[in-house]
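Asker: No letters, just coordinates:
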């Protein structure tokens, strides 16, 4: 009886294994539709004088293409850069080739028409030959870049020129370490915010050095406010710097962009290298 049970057990195991193998073999993975998509939703091209200023927008697929797969790239109406003025499209064959899983769509930006505050090109991805994922839009920022021949990093003394909201300095006068941010033109330092109004925490303040202009990005949250956080952002006038001399950096910005606590204030400070 014991031997009979063992034989029956082995028969059942063999039947299950055979059934599972048959199920896997019956699946045709080639029937799963390939899908095109943008692997990321944005990028930045720093447009330099004399450089190639080419950017390749990557177009990806979920699987290796078993046949040439055409796609269409259109420029969204929300773009602030203009084709033929700010950039030219250099890609003439919009196809994901057989055997590839990624291709690219290339443009070249124009330095003379580039802007220090940046312009955007918004691409829309479609295809009649393939599915397209929800990640079908890509925003490329074109930012004019001029040579920076000095470090603009290290120890600086901050001196307030004009106060922020409530006639109080946004950052305390004192010594700060300025470091490089996310791109070669970005600079950051960390400071307590609104020291004259209370004991608030530290924030990281960012600005960019672009062709003699000190550009302050918008919506930099302070973590302090009236029912929400005030933000710091760009003023109507840029601060200035000399790309060959990092002794002084002039920073002009808006305190409380949305006028959450009081009317927005244009404030200013200088950073002087020690």
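Answerer: On my side now, so go ahead. Please read these numbers as outputs of a predicted model, since none were measured by experiment.

Asker: got any ranges where the stretch 101-250 of the chain has weak pLDDT?
Answerer: Low-confidence segments of the stretch 101-250 of the chain (pLDDT under 70): none present.

Asker: now the strands for it?
Answerer: Listed in chain order, the strands found in the stretch 101-250 of the chain under DSSP state E, counting those that start in this stretch are 102-109, 119-126, 131-132, 137-145, 154-162, 174-180, 186-192, 202-210, 213-215, 220-221, 231-234, 239-240, 248-255.

Asker: And the first one, what's buried?
Answerer: Under the neighbour-count criterion of 16 or more other CB atoms under 10 Å, strand 102-109 has 103, 105, 107, 109 buried. C-beta coordinates here come from the backbone N, C-alpha and C atoms, glycine included.

Asker: Quick check: bridge partners of the last one?
Answerer: In this entry, residue 109 is beta-bridged to residue 87, by DSSP bridges.

Asker: What are the neighbouring residues in contact with it?
Answerer: 45, 47, 53, 55, 81, 86, 87, 142 (CB atoms under 8 Å, 6 or more residues apart in numbering).

Asker: ok, so of those residues, who is nearest residue 70?
Answerer: residue 55 (21.7 Å; CB to CB).

Asker: Could you find the closest non-adjacent residue to the closest one?
Answerer: Among residues not flanking residue 55 along the chain, residue 45 sits closest, at 4.3 Å (CB to CB, 6 or more residues apart in numbering).

Asker: unless I'm mixing things up, that neighbour is touching residue 139, no?
Answerer: No. Judged on CB atoms under 8 Å, residue 45 makes no contact with residue 139 at a distance of 11.5 Å.

Asker: which of these two has more neighbours?
Answerer: Taking neighbours as other CB atoms under 10 Å, residue 45 and residue 139 compare with residue 45 leading, 22 against 17.

Asker: Point me to the helix or strand that includes that one.
Answerer: Counting by DSSP states H and E, the element that carries residue 45 is strand 42-48.

Asker: Who are the contact partners of residue 148?
Answerer: The contact partners of residue 148, by CB under 8 Å, 6+ apart, come to 184, 185, 209, 243.

Asker: what's the domain layout of the chain?
Answerer: 35-145, 154-273 (automatic domain parsing).

Asker: Start and end of stretch 38-56, how far apart?
Answerer: 12 Å (CA to CA, to the nearest Å).

Asker: Report the buried residues of it.
Answerer: For stretch 38-56, by 16+ other CB under 10 Å, it's 38, 45, 46, 47, 53, 55.

Asker: Please work out the average pLDDT along that stretch.
Answerer: Averaged across stretch 38-56, the pLDDT comes to 91.

Asker: which residues touch residue 170?
Answerer: Residue 170 neighbours (CB under 8 Å, 6+ apart): 160, 163, 164, 193, 194, 222, 232, 253, 255, 267, 269.

Asker: Pull the contacting residues for the nearest residue to it once chain neighbours are set aside.
Answerer: The shortest distance from residue 170 to any non-neighbouring residue, by CB to CB, 6+ apart, is to residue 164 (3.9 Å). Residue 164 is in contact with 170, 194, 255, 256, 265, 267, counting by CB under 8 Å, 6+ apart.

Asker: and these, which two are the farthest apart?
Answerer: Largest pairwise distance in the contacts of residue 164, by CB to CB, is 12.1 Å, between 194 and 265.

Asker: which residues are common contacts for the two?
Answerer: 164, 165.

Asker: Could I get the buried residue list for stretch 179-195?
Answerer: Those would be 181, 185, 186, 187, 188, 189, 193, 194, 195, for stretch 179-195 by 16+ other CB under 10 Å.

Asker: try stretch 83-92
Answerer: 86, 87, 89.

Asker: still on that earlier bit, and the strand holding residue 45, which strands flank it?
Answerer: strand 137-145 (parallel).

Asker: Only the buried residues of the strand it pairs with, if you could.
Answerer: Result for strand 137-145 [16+ other CB under 10 Å]: buried residues 138, 139, 140, 142, 143, 144, 145.

Asker: Output those residues as JSON lines; include the columns distance to residue 132.
Answerer: Listed next are those as JSON lines, based on distance: CB to CB, whole Å:
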{"residue": "138", "distance to residue 132": "12"}
{"residue": "139", "distance to residue 132": "17"}
{"residue": "140", "distance to residue 132": "18"}
{"residue": "142", "distance to residue 132": "25"}
{"residue": "143", "distance to residue 132": "28"}
{"residue": "144", "distance to residue 132": "32"}
{"residue": "145", "distance to residue 132": "33"}
